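**Q** return atomic coordinates for the entry below.
(2 chains)
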Amino acid sequence: MDPIFISLMGIALAIGVPIISAAITIITCGSALAGVGTEKPELLSKLIITVVLGEALAIYGLLIAFMLLSKLSDITTMEAANKALISGVIIAVATISAGAGISYNGSSLIGATAERPETFSSNVIGVVLSEALAIYGLLIAFMIIGQI
Amino acid sequence: MRDKLEEWNGILASQVVSTEVLTKCSDLLSKIDASFENLGLKHEELPSKEVPITKDPIEEVLAKVEQNLAELPVEAITKCSALTSRITQLIEILGVKPEETKEVILKKPVEESLAEIEYELSEIEKTAETTGLIDRQAMVDRIKTVAAREEIDVHKKLAEFARVHILEGKPFFAKRLLTLKKLVEKARESIEAETKLGKTYESLLTLRKIVEIEKQVAEEQKKFVRSAKTIYFEAWVPEYNVKEATERIMQVTGGTSIVTDEPPAPDEKVPAILKPVPSYLIAFEKLVYSFGFPSSGDINPIRVLAITFPILFGIMFADVGQGAIFVIMGIILTLLRRRVKLEEVGDIIQYLLISGEMFVFLGISAIFFGFVFGEFFGPSGLIHPISLGKIGPFYIGGFEPTHEPMKMLKFAILVGAIHISLGLVFRFINEIRHKHYKLSPIPICWLWLLIGSLYMWAYWRGISNISKWFADGSLMLAGLIILPLALILVFTGIAEGFMEGVGFSVEVFAETLSHSMSYSRLMALGLIHSAMNYLFLVLAGVEHGHFPLESIPLIAIGTILVMIIEGLVVFVHTLRLHWVEWFSKFHTGEGIPFKPFKHT
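**A** Modelled structure (predicted):
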């Protein structure tokens, strides 16, 4: 197969899938946030963290896609093309898992904080740990791109 | 005391505050507020005055207040305002031009004249409505329907109507209305002259304060318990106020009370006294307190956060140009805050205004790291990276992150290790302050583990040579990683039991690894920031630090976009690093702020 085509597939995965996971996260957390905002608008400023962390997933995908794009002229062998594809797959899987974690934990966190605001500091752990999953994927994808 | 009520059943009972008193307080408050509203004033805007605190029973004070309230000439003034607004409305609808009228005098007492004016006004209003002076279209429609039914010439009728009613009626009404307006004004003047309006406001304000204080006292009394002749209550008092509080209670009760000073039990939750911070740190205070309040005796991290927060933000948002924009924006917001009343603006504007100084802090840090990483509106090549030095394999500045990401990653991990170490030092200080001497070696061992593993990572050139860690470097591994972990297990075991020790040391190992790794987002977001700016630089055709004139609009759009989206994302990630990775070391956020009882 054509190395350029394979690496383009990697780029498509790297930008497409994180965007979908970011969208799912923002849809779940954003609608939960809107509900709480009508009752307790003073909590919105700290609960917005869930939506922004979801948005960051798309940015990780953007970074990997961007780095692959800048390396596109160097990709001539099949080996390099495979690395490009795999790094796209890694960031896709990592952001999907992080997105699932944030959207479940985030919407629960929002509901729980509305009921008892003092539980926020311990409940936020679930959201930020899920978000860390994406960072691990990003790191490895990043190192693979460094070897191309 | 209230939780001991069951134990003391039959001897102690909770203090009963009649609901009547509370309802009456609320009633009076709403009445007074309504009077203020009728007078066209807000009680918040008037200067507050000290109100003497009386020892009389609540019921008496409230009755007195009610009596005073009835005596105030609020009603007449309210009526005057209502009449004036009605007349003005009518004048506006009719389109009457103000003209000179004769001087008027009130022939009867104020109350009577006001009643007469009101009667006349309603008559005028009625007439104006029926003759079509107010709503001419409705009148025309009515004439048209009548005309259609009775087959009269519409135009003729209309002309007649206009001549008789509108043209002839209007001047008469206008003159009368103006006279009435003058009369009302006169009436108001005479009321004001009689009673001195300023004094009315003042007494209203005083009454309001008295009721508020009584209400507060009644609310507090609900928390007391009592026997037949004695009242008991408990309260938190700051250590430095104990003597004064005791003396005051003795003074008030005439020496017929017993005050005991009980220090809190070891595992009791003590309210923390939160010192107010200077106004330029308020934004940082909000960041800390929205996570949770520090426990009593713990370090309050606001001042340190005010330094570390901008540093981490600056590393991710490194840019000389955009940092300068932040600084300018911050200065403008700070200046604006002194002119704008915070209560009058919307939520988002309020946040922005409060965080004026924070923007300056963040901007200065962004400019600094912009020089270190050589970024001016992205990696435009205008500024060359300035190196600040090199610690082992860690380069501090002097490289472009987009070209040498691995150096940036190492730098990010180093910053993270320093940040976490700071948190661990605070944890140590907290343990010493709370006299938890058995737990105090744990942060030291943790610090040892953190610095040790960082050293090993640097010494063996990264994680890829991990097999050498166990072969050549086994002694080092034992000394720097296994020994501190074992010590943590032992110390926690001594303090809290063996199983807790095992769990905690595993947790420490996992946290050390994952929390340091988490700081790699400094690199990731820094690169993203740089890459997004680079995109606009390429689109605008900027090369080697030369900005052509036609590139400016595109760069401006890009800058706005990057500053809003990236700024928000970077801000939240900085917040997250502080809330999770840093606070989890020393700031549990489970404290309760101490709210002293005082008259508001």
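**Q** around chain B, pick out the residues from chain A.
**A** Residues of chain A lying close to chain B by CB under 8 Å from any CB of the partner chain are A:41, A:45-46, A:48-49, A:52-53, A:55-56, A:59-60, A:62-63, A:66-67, A:118, A:120-121, A:124-125, A:128, A:131-132, A:135-136, A:138-139, A:142, A:146. Any C-beta I mention is one placed from the backbone N, CA and C, and that applies to glycine too.
**Q** weed out the non-buried ones from these.
**A** A:46, A:48-49, A:52-53, A:55-56, A:59-60, A:62-63, A:66-67, A:120-121, A:124, A:128, A:131-132, A:135-136, A:138-139, A:142 (16 or more other CB atoms under 10 Å in any protein chain shown).
**Q** which ones among these lie within helices?
**A** Those of these mapping onto helices are A:46, A:48-49, A:52-53, A:55-56, A:59-60, A:62-63, A:66-67, A:120-121, A:124, A:128, A:131-132, A:135-136, A:138-139, A:142, per DSSP state H.
**Q** so which strand or helix has the closest residue to B:Tyr437 other than its chain neighbours?
**A** Counting by CB to CB, 6 or more residues apart in numbering or on different chains, B:Tyr437 lies nearest to B:Glu431, which is 7.7 Å off, once chain neighbours are set aside. Applying DSSP states H and E as the criterion places B:Glu431 in helix B:405-433.
**Q** elements contacting the next helix-or-strand element following that helix?
**A** Counting by DSSP H and E, the next helix or strand C-terminal to helix B:405-433 is helix B:441-459. If you count contacts as 3 or more CB pairs under 8 Å, 6 or more residues apart in numbering or on different chains; DSSP states H and E, helix B:441-459 packs onto helix B:405-433, helix B:474-477, helix B:483-496, helix B:498-518.
**Q** comparing the ones you listed, which comes out most buried?
**A** helix B:405-433 (a mean of 20; mean count of other CB atoms under 10 Å in any protein chain shown).
**Q** report the angle between that one and helix B:441-459.
**A** If you take axes from the mean of the first three to the mean of the last three CA atoms, to 10 degrees, helix B:405-433 sits at 170 degrees to helix B:441-459.
**Q** which parts of the stretch 151-300 of chain B are strands?
**A** Remark: strands assigned in the stretch 151-300 of chain B by DSSP state E, counting those that start in this stretch are B:225-226, B:231-232, B:271-272.
**Q** wait, which of these is closest to chain A?
**A** strand B:271-272 (14.0 Å; CB to the nearest CB).
**Q** wait, A:Ala114 touches A:Pro41, no?
**A** No. The pair A:Ala114 / A:Pro41 is not scored as a contact, 10.8 Å apart, by CB atoms under 8 Å.
**Q** so which bits of chain B are right by chain A?
**A** B:290-292, B:347, B:351, B:405-406, B:409, B:514, B:517-518, B:520-521, B:524-525, B:527-528, B:531-532, B:535, B:565, B:568-569, B:572-573, B:575-576, B:579-580, B:583, B:588-590.
**Q** take those residues and keep only those in strands.
**A** Among those, no member is found in strands (DSSP state E).
**Q** filter those to the buried ones?
**A** Here, 16+ other CB under 10 Å leaves B:290-292, B:405, B:409, B:517-518, B:520-521, B:524-525, B:527-528, B:531-532, B:569, B:572-573, B:575-576, B:579-580, B:583, B:588-589 buried among the residues of chain B next to chain A.
**Q** contact partners for B:Leu69?
**A** Contact partners of B:Leu69, counting by CB atoms under 8 Å, 6 or more residues apart in numbering or on different chains, are B:28, B:31-32, B:35, B:204, B:207.
**Q** let's have the residues you listed in TSV, adding neighbour count and pLDDT.
**A** Compiled in TSV, the contacts of B:Leu69 are given as follows (neighbours: other CB atoms under 10 Å in any protein chain shown; pLDDT from 0 to 100):
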residue	neighbour count	pLDDT
B:Leu28	21	79
B:Lys31	18	79
B:Ile32	23	78
B:Ser35	22	75
B:Leu204	22	73
B:Leu207	22	76
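**Q** identify, from those residues, the entry nearest to chain A.
**A** Closest to chain A, out of all of the contacts of B:Leu69 and judged by CB to the nearest CB, is B:Ile32, at 27.8 Å.
**Q** surely the closest one and B:Val211 touch.
**A** Yes. Using CB under 8 Å, B:Ile32 is in contact with B:Val211, at 7.0 Å.
**Q** in chain A, where is pLDDT below threshold?
**A** For chain A, no stretch is flagged by pLDDT under 70.
**Q** quick check: B:Tyr395 is in a strand.
**A** Yes. Assignment of B:Tyr395 by DSSP: H, G, I helix; E, B strand; the rest coil places it within a strand.
**Q** any idea how far it is from B:Glu500?
**A** 41 Å (CB to CB, to the nearest Å).
**Q** got it, and A:Ile11?
**A** 49 Å.
**Q** how about A:Leu8?
**A** From A:Leu8 to B:Glu500 the distance is 53 Å (CB to CB).
**Q** before we move on, what about B:Ile332?
**A** 53 Å.
**Q** now swap in A:Ile75 and tell me
**A** Taking CB to CB, one finds A:Ile75 at 53 Å from B:Glu500.
**Q** and stretch B:335-347, end to end?
**A** End-to-end distance for stretch B:335-347, by CA to CA, to the nearest Å: 18 Å.
**Q** contacting residues around it?
**A** By CB under 8 Å, 6+ apart, stretch B:335-347 touches A:41, B:350, B:353-354, B:356.
**Q** likewise for stretch B:284-302?
**A** Against stretch B:284-302 from outside (CB under 8 Å, 6+ apart): A:45-46, A:118, A:120-121, B:269-275, B:277, B:281, B:305-306, B:309, B:354, B:358, B:426, B:429-430, B:433-434, B:575, B:578-579, B:583, B:586-593.
**Q** before we move on, what about stretch B:517-527?
**A** Contacts of stretch B:517-527 (CB under 8 Å, 6+ apart): A:56, A:59-60, A:63, A:132, A:135-136, A:138-139, A:142, B:312, B:315-318, B:373, B:401-402, B:405, B:408-409, B:411-413, B:415-417, B:419, B:566, B:569-570, B:573, B:577, B:580-581.
**Q** secondary structure element holding A:Ile20?
**A** Per DSSP H and E: helix A:3-39 holds A:Ile20.
**Q** let's have the strands of the stretch 151-300 of chain B in a markdown table, adding mean pLDDT.
**A** Below are those laid out as a markdown table (pLDDT from 0 to 100):
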| stretch | mean pLDDT |
| --- | --- |
| strand B:225-226 | 80 |
| strand B:231-232 | 82 |
| strand B:271-272 | 88 |
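**Q** tabulate the ones you listed in a markdown table, adding columns for mean neighbour count and distance to B:Leu12.
**A** Below are those laid out as a markdown table (neighbours: other CB atoms under 10 Å in any protein chain shown; distance: least, CB to CB, whole Å):
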| stretch | mean neighbour count | distance to B:Leu12 |
| --- | --- | --- |
| strand B:225-226 | 17 | 5 |
| strand B:231-232 | 14 | 7 |
| strand B:271-272 | 17 | 24 |
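**Q** switch those strands over to CSV; also include distance to B:Val65.
**A** Below are the strands of the stretch 151-300 of chain B laid out as CSV (distance: least, CB to CB, whole Å):
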stretch, distance to B:Val65
strand B:225-226, 26
strand B:231-232, 25
strand B:271-272, 33
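**Q** how close does B:Asp33 get to B:Gly254?
**A** B:Asp33 is 37 Å from B:Gly254, by CB to CB.
**Q** please apply the same query to B:Ile386.
**A** 74 Å.
**Q** who's in contact with B:Ile325?
**A** B:363, B:559, B:563.
**Q** and those residues, which is closest to chain A?
**A** B:Met563 (14.6 Å).
**Q** ok and whatever helix or strand the closest one lives in relative to helix B:498-518, angle-wise?
**A** For B:Met563, the host element (DSSP H and E) is helix B:552-576. Calculated by the same axes, to 10 degrees, helix B:552-576 forms an angle of 170 degrees with helix B:498-518.
**Q** right, I'll call it a day here.
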